[in-house]
Structures are given as C-alpha cells and as structure tokens.
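K.L.:
sharing a sequence plus its predicted fold:
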Amino acid sequence: MHRSVFAALALSACAGATAQAQNVHVNPQNSFISQAVKVPAGSEMLYVSGITPDTVPGAPPATPFGDTKTQTLSVLNKIGAILTAQGYGFEDVVMMRVLLVGDPAKGGGMDFAGMMEGYNQVFGPLKNKPARITSQVAGLVRPGMYAEIEVQAAKKP
C-alpha cells in the first residue's frame, strides 16, 4: 500500500481526537526544507493533487509554459489559491513533492536552481518549511511542461 493510504487510515482512526500541538518542523540548520514534519493527531489534512503550470501569453511555441522558474511560480500561485479557498496557507504545508522534466536549454537536466528561485520567493520568508522531495521525470502531461507539484497541508481543527 502507498504511504499516503496508511497516513489517511491513521488520520481517520484519530479523527475524533483533538490536536494538542502545532506541526513540529525539524530543521536544525534552518535550511530550505525541513528534514521532517510531525503532524499531531487530530489535525485536519488537505491533499492537493499534482498541479501543472498555466501557459504564458506570448511565449514561444517551444516553451509555452515558460522556463522552470516561471512554471514553479505559476504552480505555486495555483496551489496558493487552492490552499486559501480551503482555509489553509503556505505555512500549513507539511510535505511537497516536486517533479521536474529535464530542460533542453540545460542539456536535458532538471533546472533545480530555477525551481529553487521560484520556491524561495514563496517559502523563503516562512519560518516553517515543508519536508520535500524533488525528482526528475521523463515527461509530464503536455510538452513544454517542466514542473508539477503536489502538497499536503495540516492544521489544528
């Protein structure tokens, strides 16, 4: 079974419990991400599906969604709107999964630096950073997409 299924089962078993504390972010070096995030029992969870970027008006046909930084910011803006609509904020994000496609302009390697530029514009000012994984994948749903991000958020009910 997938880890998120186990997490969902564990959370449903604790649904009646009241959260006793805030999320605990383990980040001893105050780095860009947390090494781990502990979510207290009884927390409300929000699982945001993988979100892809919007097209950039006037962008060249080869890069209709822009570069990796532009796509990361587009995706994070969309995620921010989803979080807000559900009563959450970026400070409630406890886990993030970032999928990057190799950029032909970068020799086919993922543009990790470009993703980090966009990520830091959103998460840099926040004290608590999410735990995160960043992986390169062969492709996403449409040609020219270089970034897809999913998040999990948690907060006290």
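P.N.:
Arrived safely, thanks for sending.
K.L.:
residue ranges with poor pLDDT in the chain?
P.N.:
Per-residue confidence of the chain (counting by pLDDT under 70) places the weak regions at 1-21.
K.L.:
ok, now how distant is the residue nearest to the spatial centre of the chain from residue 119?
P.N.:
Note on the chain: the residue nearest the mean C-alpha position is residue 96, at 3.5 Å, using CA atoms, centre = their mean. Separation of residue 96 from residue 119 (CB to CB, to the nearest Å): 8 Å. In this view, the C-beta of every residue, glycine as well, is placed from N, C-alpha and C.
K.L.:
got it, and residue 129?
P.N.:
Relative to residue 119, and taking CB to CB, residue 129 is found at 9 Å.
K.L.:
thought the residue nearest to the centre of the chain was touching residue 122?
P.N.:
No. Using CB atoms under 8 Å, residue 96 makes no contact with residue 122, being 10.5 Å away.
K.L.:
surely residue 88 touches residue 153?
P.N.:
Yes. Under the criterion of CB under 8 Å, residue 88 makes contact with residue 153 at 4.6 Å.
K.L.:
give me the common contacts of these two.
P.N.:
Here residue 88 and residue 153 share the contacting residues residue 46, scored by CB atoms under 8 Å, 6 or more residues apart in numbering.
K.L.:
neighbour count for those two, which is higher?
P.N.:
Per other CB atoms under 10 Å, whichever of residue 88 and residue 153 has more neighbours is residue 153, with 27 against 21.
K.L.:
for that one, which three-state class applies?
P.N.:
Each residue gets one of three states, and residue 153 gets strand by DSSP: H, G, I helix; E, B strand; the rest coil.
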